[in-house]
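Chemist: Kindly return the folded structure for what I paste below:
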Amino acid sequence: MGLNHRISPQNIQQLENENYPLKNVMFEILKKTRIAPDTFRFEISAPLAAEKFQAGQFIILRPLATSERIPLTIMQADKKKGTITLIVKAVGFTTWQLAGLNKGDQIADLLGPLGHPSNIAHFGTVVVIGGGVGAAVSFAVAEALKNAGNRIVSILGARNREFMILEDEFREVSDEIFIMTDDGSYGRKGFVSDQLKELYAQGRRFDRLIAAGPIPMMKVISEITRQFSTPTIVSLNPIMVDGIGMCGGCRAIVGGKIVFVCVDGPEFDAHQVDFDSLLRRNSAYQDIEAFKAHKCRIDMQLEAEKNNE
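Modeler: Residues are numbered from 1 along each chain as shown. Next up is the predicted model:
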């Protein structure tokens, strides 16, 4: 039983038994690496999550017993080692708490894997696009599609070279790879959408496209692929909040109907997603998010200074 439906008091105990069965399980951080500014790669001991993981799924965790829970997409799982790998960009108080943990520390709680897995099959030639930390979401899907016999064309985008992540990992699973940076400091100057347009202009056609990244990026990609009738899947995980359908914060309109991304997704047919409504809702919180991000940095700095006294 997965958490692909809304929660009710009657099934909470069953969900806990199936998805969080051991109260004394320790989720140890085995490795932590800084891979970009404020962006970290964590390898965590989580045998149950690693065993059940399928590409496209996510987990919910609390770094500390007093933390809020946050959803994070699993980049990779090693069933033999019993580990999962997460890419975390510290942008809010809870992600900064997680970023403050190190090798040997324990994650307070971890639940999952959750969400509907990606549709993995042999399609032919598949374009996989990762914008910013969206590359972490796309990688697991790219790897699974490659293992299913597909030809993978990857396009990675970042603000500049310093923010480019997982390039080496993508090269291992890609037949072709294109690197784009906004300022041209690495790869080609431009956006991932520019590279996609160029491929189509060359007469290239694709059997499927997968994209994960900022909502504006996914909207543009969707508009491009619609012209060529390329089946396009996007991950809306950036808008998830509590991860189990209780808060309603990840409401989206897909195919004219309201869905909850965390329980009905997180992947959807891009040509059915109402991106304009998502952009309007997200823009309403920009000032608040900017203030909170600034306050989080100050609070975390003060806490670090206090611990070093």
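Chemist: got the residue ranges for the helices in the stretch 151-300 of the chain?
Modeler: 167-173, 192-201, 215-227, 261-264, 275-283, 286-308 (DSSP state H, counting those that start in this stretch).
Chemist: Okay, now the unreliable bits of the stretch 101-250 of the chain?
Modeler: The stretch 101-250 of the chain contains residues with pLDDT under 70 at 242-246, 248.
Chemist: how close does residue 68 sit to residue 109?
Modeler: 11 Å (C-beta to C-beta, to the nearest Å). Yep, even glycine has a C-beta here, placed from its N, CA and C like the rest.
Chemist: Repeat that for residue 72.
Modeler: From residue 72 to residue 109 the distance is 12 Å (C-beta to C-beta).
Chemist: For the two, list the residues in contact with both.
Modeler: 60-61 (C-beta atoms under 8 Å, 6 or more residues apart in numbering).
Chemist: out of those two, which sits in the busier spot?
Modeler: Looking at residue 72 and residue 109 with other C-beta atoms under 10 Å, you find the greater number of neighbours at residue 72, namely 24 against 17.
Chemist: which SS class is that one?
Modeler: Under DSSP: H, G, I helix; E, B strand; the rest coil, residue 72 falls in the strand class.
Chemist: ok, now which ones touch it?
Modeler: Contacts of residue 72 by C-beta under 8 Å, 6+ apart are 58-61, 86, 88.
Chemist: could the residues you listed go into JSON lines alongside pLDDT and secondary structure?
Modeler: Converted to JSON lines, the contacts of residue 72 look like this (pLDDT from 0 to 100; DSSP: H, G, I helix; E, B strand; the rest coil):
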{"residue": "58", "pLDDT": "90", "secondary structure": "strand"}
{"residue": "59", "pLDDT": "91", "secondary structure": "strand"}
{"residue": "60", "pLDDT": "90", "secondary structure": "strand"}
{"residue": "61", "pLDDT": "91", "secondary structure": "strand"}
{"residue": "86", "pLDDT": "96", "secondary structure": "strand"}
{"residue": "88", "pLDDT": "94", "secondary structure": "strand"}
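Chemist: Can you name the two of those that sit furthest apart?
Modeler: 60 and 88 (13.3 Å; C-beta to C-beta).
Chemist: Compare neighbour counts for the two and give me the winner.
Modeler: Neighbours per residue, other C-beta under 10 Å: of residue 60 and residue 88, the larger number sits with residue 88, 25 against 22.
Chemist: if we can go back for a sec, can you tell me which of the contacts of residue 72 lies nearest to residue 96?
Modeler: Nearest to residue 96 among those, with distances taken as C-beta to C-beta, is residue 88, at 9.7 Å.
Chemist: Leaving out sequence neighbours, find the closest residue to the closest one.
Modeler: Nearest residue to residue 88 in three dimensions, chain neighbours excluded: residue 40, at 5.2 Å (C-beta to C-beta, 6 or more residues apart in numbering).
Chemist: burial of that neighbour, as a residue count?
Modeler: By other C-beta under 10 Å, 19 other residues sit near residue 40.
Chemist: is it true that it lies in a strand?
Modeler: Yes - under three-state DSSP, residue 40 falls within a strand.
Chemist: Isn't residue 251 up against residue 259?
Modeler: Yes - using C-beta atoms under 8 Å, residue 251 makes contact with residue 259 at a distance of 7.4 Å.
Chemist: So these two - more neighbours on which side?
Modeler: In terms of neighbours (other C-beta under 10 Å), residue 259 is the more surrounded of residue 251 and residue 259; the figures are 18 against 14.
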